[in-house]
Each structure stands twice: as C-alpha cells, then as structure tokens.
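3D model of this:
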Amino acid sequence: MAEKQFRCEVCGKAFLKSSGLIIHQRIHTGEKPFSCDICEAAFTSSSKLLRHHRIHTGEKPFICEICNKSFLQSSDLRVHHRTHTGEKPFTCEVCDESFTQSSTLRVHQRIHTGEKPFKCKVCDKSFSDSSALRRHRRIHTGEKPFRCEVCDKSFLQSFDLRVHLRTHTGERPFTCEVCDESFTQSSSLNVHKRTHTGERPFTCKVCDKSFSWSSTLRLHRRTHTGERPYTCEVCDESFLWSSTLRIHQRIHTGEKPFKCEVCEKSFAQSSNLLVHQRTHTGERPFTCEVCEESFSRASTLRVHQQIHTGKKPFQCQVCDKSFARLSNLHVHQRTHTGEKPFTCEVCDESFTQSSNLRVHQRVHTGEKPFQCEVCNKSFSRAEKLSKHLILRIHKGKKPFTCDVCDKSFSTVMEPLHTPTCHTGEEQFKCEVSDKIFTKFFKVPVQIVHTEETVEMWKA
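Residues are numbered from 1 along each chain as shown. I've put the predicted structure just below:
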C-alpha cells in the first residue's frame, strides 16, 4: 500500500495526493471556491459542486440493477444495495448492533456516550445528529416543506409525507405473518406483533407498569408527575395529550367534523359518531358475561357489570357516599359545594345537572315528550308519566297483559304473573336503583329511571 506522505499540519490527517490535502485544508480555512450558478451554494471541491448540480437537473445517474431505483451519488447506491443484501458492515463495539452506514453508527454511538453536539440556537435543546436538529428548527420557523400533491397537507419530514401518501393510495406494505393484518408503517407492524407475543418492553420505573409503546410510557409518566403540557389558549384548561386538547378546543369553536350519513347529526369526536351509528344499525357489541345483556358502549358495559359485583369505586371525600359512576359522584359533590353550573338562558335559573336544565326548559317551550299509550295524555317529565301510570285507572281498558297466563290489568304497575311469579320466587332487584321488591312490576326502566330520577332512587 502506497504511503500517505501529504499530511495536514492542523489535524495530522494524511493523504496520498497533494490535491487531496489541498481540498481537505479548506475545512480548516472555510474556503469554498466552487459556487453553484443557480442557487449560489458554495463547495470545497468541484466534485461536490457536480453532485449538487444534479439537485437542479433532477439527474440520478446511479441505478440499482435489482429495483431500478436511482440515486444522485454512487455512495448512495452502494448503501442502498445493502437493503437487498442485508449487509450491515458497521458494528457498535458496545452493544453489537450493526448498521448499513458508518454515519448511522456514529450517531448511534452517541446513545452510549450521551453526546449531543448539535444545539438549537433558539431554545438550547441539543441533538445527537444534525438532521434531527434541522427537523427541530422547523418547529420554531413553522416550515413544513413536504407537501402532499393530492390534498395539499404539509409535513415537517419527508418520511411523514411518504406515510401520509399511503392514505390516498391505500398501500399497506407491512404485513403481519401471524394474522395477515397490514400496516402503513413498519413501526406500527412491530408494535402490532407484540399483541401476539405479549411483549411490553417499556416499563415505568415508578410503578413497574409495562407498555407496548414508548410513547404510551411517556404519557403514563405524566400521571405520576402531574404534568399536563397542552393548555387551551381560551380557558387555560390543561391536558395530558395534544389530541385531547384538539377535541376540547371544539367546545369553543363549535366544530363538529364527524357527520352521520343516515341522519346528518354531527359530532366533535369520531368515537362518538361510531357509537351513534349503532342507534341506526342496532349493533350492541359489548356483552355482559354474567347476564348476556348487550350494550353499544364498552363504558356502559363496565358500569353495568358493577350491578353484579356491587362495586362502587367512586367515593365522596366529604360524606363517604360511594357511586358506581364517576359522573354520579361529580353530580353528588355539587350538593356539598352548592355549584349549579347549568343555567337557563330564558330565566337564569340554575341547576346541578344538564338533564334537569333540559327538563326545565320545557316550561318555556311547552314541550311534553312523554305520552301515555292508553289515553294519549302528554307530560313534560318522565316521572309525571310514571305517576300517571301508577295512579290513574283507565276505565274499561286493560291494556297490560301477563306474559304467562294472559291476565289483563288496567295500569302498568299492576303486579304481573311473570314466570318467576308462577315459580314462587319473591325477590326482584332493580338494576338501576338496587331496590328489592316482593312483586315484579313490569315498568320500563327508561320510564322510572331517567337521568333526573336516578339520584332520587339511589338516595
């Protein structure tokens, strides 16, 4: 091997040719004698200027023989070849992880050394590689240079644009070998695989809870630190997640971007639209394993299951009264604070619950939505209809029939001879109020237990 006899006096690096040393010395002097005629970018060597010109001409002369992908530089083609051969010649001496490029190895080694040599001049945040710093700067400048030609949406990174384009093409190139589910990103596939393996590699150091995603762990940590970094500029309410803030902001803007195609009702969240659509389809996908009753929401099923367990996990810190639902606790707490956050716009009367306000507004509108099926008399409140059904006897009419013996009754609250009555069973438990009855009264739960009356029954 020929001796490298031309040595740099500044850093000691040696070269085979004097021309190589001359070009190298420009790193120290800052000299860049070769300028682009189009954009005035300057370079230390003519070969670098030649490669730069290809950005303007679009020329990519180096073509992969396997997949026909083209590149600006021969070095880029060599690195690309390794994606086909699987070659990763650059190995970390600390953890033995291998890489296709020496530059990627250098960036990786900073994980072990903790070195972050690239610092943002605006906020002093540091990064382990220059490309990460360039991406970060766009947060301050607002620059999103990668634009989708289909919908004009812009992105900070070219990678994000590539992933986004798949929403238009429908391409999902990453497929699970176990269940054949496909994904737009390899990272999504890697996380999905953990549903099969059960792997949860990200563990909270405070409570030892494990997660499949590092991002989920970061969010979880905020439950310990109390950090709520996303704040609404209108009302100063803070949130754990940026997505929750975006949804919250629609309260102020009135935006409801998710519309039902059947009835055109709009919603602020896609999840609420999904649940609403089940009112049209009749779908109730969440089934209780104890009594097989089905529900349209998972949250409603969880509340229902507490009927069987008797669990009331939400306790008032003032009087120790417990509730099955957090929302019921919130309403109850207002009996201690005196808070009445729901105000009538007509007469300024205030209420502890939005449902009570809705009932009150019928005083002004004259609306009476609850109608007796026997005499067609209408009522503004469900409990008034319930009282009417209990006390009023419609002379000569017996529209309520026993399912077992066909005996008829004049009011809905007559004790009916259900199968359990015939077998001699005596106890009947209301699923809402937990009250025990010696006779079965076939009153629809939605009539007796409206939002307005549940608290009364549970008292």
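
Residue 377 against residue 384, yeah?
No - the pair residue 377 and residue 384 fails to qualify as a contact (C-beta atoms under 8 Å) at a distance of 9.8 Å. For the C-beta atoms, the positions are set from N, CA and C on the backbone; glycine is no exception.

Return the distance of whichever strand or helix holds residue 19 from the chain's centre.
Assigned by DSSP states H and E, residue 19 falls within helix 18-29. Remark: helix 18-29 is offset 53 Å from the chain centroid, using C-alpha atoms, centre = their mean, to the nearest Å.

The next helix or strand along the chain from it packs against which elements?
Once the chain leaves helix 18-29, the next helix or strand it forms, by DSSP H and E, is strand 34-35. Under the contact definition 3 or more C-beta pairs under 8 Å, 6 or more residues apart in numbering; DSSP states H and E, strand 34-35 sits against strand 42-43, helix 46-57.

Could you count how many residues lie near residue 21?
18 (other C-beta atoms under 10 Å).

repeat for residue 76
If we define neighbours as other C-beta under 10 Å, then residue 76 has 17 of them.

so the spatially most central residue of the chain, which of the three states?
With distances taken as C-alpha atoms, centre = their mean, residue 243 lies nearest the centre of the chain, 6.4 Å away. The three-state label given to residue 243 by DSSP: H, G, I helix; E, B strand; the rest coil is helix.

and it, how far is that from residue 219?
Remark: distance between residue 243 and residue 219 (C-beta to C-beta, to the nearest Å) = 10 Å.

now swap in residue 53 and tell me
From residue 53 to residue 219 the distance is 47 Å (C-beta to C-beta).

and what of residue 138?
For residue 138, the distance to residue 219 - C-beta to C-beta - is 23 Å.

Quick check: which ranges of the protein have low pLDDT?
For the chain, the stretches with pLDDT under 70 are 1, 389-405, 409-459.

Break it down into its domains, please.
Annotated domains of the chain cover 6-59, 360-458 [automatic domain parsing].

first vs last residue of the first one, how far apart are they?
The first residue of domain 6-59 is 35 Å away from its last residue (C-alpha to C-alpha, to the nearest Å).

Check stretch 42-49 too.
So stretch 42-49: terminal residues 8 Å apart, C-alpha to C-alpha.

cool, and stretch 150-164?
This stretch, stretch 150-164, spans 10 Å end to end (C-alpha to C-alpha).

can you check stretch 103-121 too?
24 Å.

Next, the buried residues of stretch 180-196.
183-184, 189, 191-192 (16 or more other C-beta atoms under 10 Å).

could you redo those as a markdown table and give each row secondary structure and distance to residue 8?
A markdown table is the format used below for the buried residues of stretch 180-196 (DSSP: H, G, I helix; E, B strand; the rest coil; distance: C-beta to C-beta, whole Å):
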| residue | secondary structure | distance to residue 8 |
| --- | --- | --- |
| 183 | strand | 49 |
| 184 | coil | 48 |
| 189 | helix | 47 |
| 191 | helix | 48 |
| 192 | helix | 51 |
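
From residue 63, how far off is the residue nearest to residue 87 when sequence neighbours are not counted?
Of all residues not flanking residue 87 in the chain, residue 100 sits nearest, at 7.0 Å (C-beta to C-beta, 6 or more residues apart in numbering). Here the criterion is C-beta to C-beta. By it, residue 100 lies 19 Å from residue 63.

Equivalent analysis for residue 243, please.
43 Å.

before we move on, what about residue 255?
Counting by C-beta to C-beta, the gap from residue 255 to residue 63 is 49 Å.

With residue 128 instead?
Distance of residue 128 to residue 63, given as C-beta to C-beta: 33 Å.

Settle it for me: which of those two has more neighbours?
The neighbour count for residue 128 versus residue 63, taken as other C-beta under 10 Å, is higher for residue 128 (19 against 12).

can you count the residues close to the closest residue in space to the more buried one that isn't next to it in sequence?
Spatial nearest neighbour of residue 128, excluding adjacent residues (C-beta to C-beta, 6+ apart): residue 110 at 4.0 Å. Neighbourhood size, residue 110 [other C-beta under 10 Å]: 14.

Provide a list of residues in contact with residue 110.
116-117, 128-129 (C-beta atoms under 8 Å, 6 or more residues apart in numbering).

May I see the residues you listed organised as TSV, with secondary structure and distance to residue 166 added?
Listed next are the contacts of residue 110 as TSV, based on three-state DSSP; distance: C-beta to C-beta, whole Å:
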residue	secondary structure	distance to residue 166
116	coil	32
117	coil	35
128	coil	29
129	coil	26
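
Which of those sits closest to residue 96?
Proximity of the contacts of residue 110 to residue 96 (C-beta to C-beta) peaks at residue 128, which lies at 19.4 Å.

gap between that closest one and residue 214?
Residue 128 is 16 Å from residue 214, by C-beta to C-beta.

Could you do residue 283 as well?
For residue 283, the distance to residue 214 equals 35 Å [C-beta to C-beta].

Now compare the buried residues of stretch 180-196 and name the two farthest from each other.
Farthest pair in the buried residues of stretch 180-196 (C-beta to C-beta) is 184 and 191. Separation: 12.6 Å.

Any buried residues in stretch 262-274, and which?
By 16+ other C-beta under 10 Å, the buried positions in stretch 262-274 come out as 267-268, 272-273.

Same question for stretch 249-262.
Judged by neighbour count using 16+ other C-beta under 10 Å, the buried positions of stretch 249-262 are 249, 258.

roughly how far is that stretch from the heart of the chain?
Going by C-alpha atoms, centre = their mean, where stretch 249-262 is centred and where its chain is centred differ by 17 Å.

now the end-to-end length of it.
First-to-last residue span, stretch 249-262, C-alpha to C-alpha: 26 Å.
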